[in-house]
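Peer 1: Mind folding the following:
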Amino acid sequence: MKIVLFCENKYAIDILYPLYQEAEDEGVNDILWYVYEKRIPDFPLKDKVKWTNSMQRVYDFFPEAVYVPGNIVPYYLSGVKIQIFHGYAAEKKDHWVIRRYFDTYFTQGPYFTRKFKQLSLKYGDFEVLETGWTRQDWISCHRSDFANEKVELLEKYGKKQIVLYAPTFSPKLTSLPLIKDALIKLAKEKDILLMMKFHPLTSQQWIDEYRQLAEEHDNIIYVDDFSVTKYMLMADVMISDTSSTIYEFLLLNKPVITLRAISKDIYWKNIQDPEELSNAFEQVQHDEEYKSLRSWVIQNYDPYTDGMVAHRMLEGARDYIRRHGVPKKRKLNLWRKYASIKTFGKVRR
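Peer 2: Model prediction:
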């Protein structure tokens, strides 16, 4: 297949990379990364893969399949347009918004599949296939890769556990303005190394403030990396708010604490007052109820830890093409066409 891996935001890179590796290993695919320059001015894989920031080149490439972790893709591109999602945050309303850009949705697990199949029946112009989520492939291959690094870090700092603080960037949902003092208290009272990894879209104001915090404390580290997955694998406990990383961490069968999460269904320890953080840290690690809730999440949100998610996604695209052919473009109303052109520009046909 001629495949486009569509990166509108920086977080898309490590979601798409397992798919790239699988497609490369097959040895029969032509793969082009599209990188949206406005949001990814410096592409980390620029010396390793074939890529472009020109939408005209993507159009002229005539893809057969376009894999998209974001919410929008130009309607005028050829190929089956596949939504593969950028996380598990079902409580965010836009997770369920059908914008009509996609021919098929590749869902992470039964919980998502049920709801998107209902939406498919309602709209009638897209399919749903349950595949799992690509980042689980990377995790299945690298789950133990950082064990030695973790041991070395804990020995270096003389601490017992690693705690990861990974908040959302959304100004309305982020814990960043509220939790700073509680994090300092936790780092002082508990035998931990606190690692802070922020979303790529986090305001520079908060990045600067928390970088300064790390400089002022011996057992607090600010991590500057486009991927959070490595640090989730190393951490023993995660602190967050309303972020899809919550579910990724739960899927590792590890405890999570959130501050004022807006989720309708809570499968972890959620606190309303930052001063509760230290007590919550002990409770969430030992309470059997939280272990049982994590088990439910694993079975329903994404049970696919077999390392075959990317393979299922490639097969899913091929099956769609066998049944429907390669779409020349996506039919959309004028507003959606305008939004697509406004974001990614026009092309010469």
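
Peer 1: Could I get the full set of helices for this protein?
Peer 2: Under the criterion DSSP state H, the chain contains helices at 12-26, 55-61, 110-123, 135-142, 147-157, 180-189, 204-216, 229-234, 245-250, 277-286, 288-301, 309-324, 334-344.

Peer 1: mind putting those in TSV, mean neighbour count included?
Peer 2: In short, each C-beta sits where N, CA and C put it, glycine included. Output for those, formatted as TSV (neighbours: other Cβ atoms under 10 Å):
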stretch	mean neighbour count
helix 12-26	20
helix 55-61	17
helix 110-123	15
helix 135-142	20
helix 147-157	13
helix 180-189	16
helix 204-216	13
helix 229-234	20
helix 245-250	25
helix 277-286	16
helix 288-301	15
helix 309-324	18
helix 334-344	14
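
Peer 1: a markdown table for those, including distance to Met195 and mean pLDDT?
Peer 2: Formatted as a markdown table, the helices of the chain follow (distance: least, Cβ to Cβ, whole Å; pLDDT from 0 to 100):
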| stretch | distance to Met195 | mean pLDDT |
| --- | --- | --- |
| helix 12-26 | 17 | 96 |
| helix 55-61 | 37 | 98 |
| helix 110-123 | 29 | 96 |
| helix 135-142 | 17 | 90 |
| helix 147-157 | 9 | 96 |
| helix 180-189 | 11 | 97 |
| helix 204-216 | 9 | 96 |
| helix 229-234 | 6 | 94 |
| helix 245-250 | 13 | 91 |
| helix 277-286 | 15 | 95 |
| helix 288-301 | 21 | 94 |
| helix 309-324 | 26 | 98 |
| helix 334-344 | 34 | 93 |
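
Peer 1: okay if I get those as TSV plus distance to Pro171?
Peer 2: Below are these laid out as TSV (distance: least, Cβ to Cβ, whole Å):
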stretch	distance to Pro171
helix 12-26	21
helix 55-61	29
helix 110-123	26
helix 135-142	25
helix 147-157	32
helix 180-189	16
helix 204-216	10
helix 229-234	23
helix 245-250	17
helix 277-286	21
helix 288-301	26
helix 309-324	32
helix 334-344	21
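
Peer 1: now for those, which one comes closest to Leu164?
Peer 2: helix 229-234 (5.3 Å; Cβ to Cβ).

Peer 1: Out of the helices of the chain, which is closest to Arg100?
Peer 2: Here helix 334-344 is closest among these (Cβ to Cβ), at 5.7 Å.

Peer 1: same for the closest one, what does it pack against?
Peer 2: The helices and strands touching helix 334-344, judged by 3 or more Cβ pairs under 8 Å, 6 or more residues apart in numbering; DSSP states H and E, number zero.

Peer 1: which residues touch it?
Peer 2: For helix 334-344, contacts defined as Cβ atoms under 8 Å, 6 or more residues apart in numbering pick out Tyr36, Met55, Ile72, Val73, Pro74, Tyr75, Tyr76, Arg99, Arg100, Tyr101, Leu332.

Peer 1: Any of these buried? List them.
Peer 2: Among these, those classed as buried by 16 or more other Cβ atoms under 10 Å are Tyr36, Met55, Ile72, Val73, Pro74, Tyr75, Tyr76, Tyr101, Leu332.

Peer 1: Could you list which of these belong to strands?
Peer 2: Nothing among the buried ones among the contacts of helix 334-344 maps onto strands, per DSSP state E.
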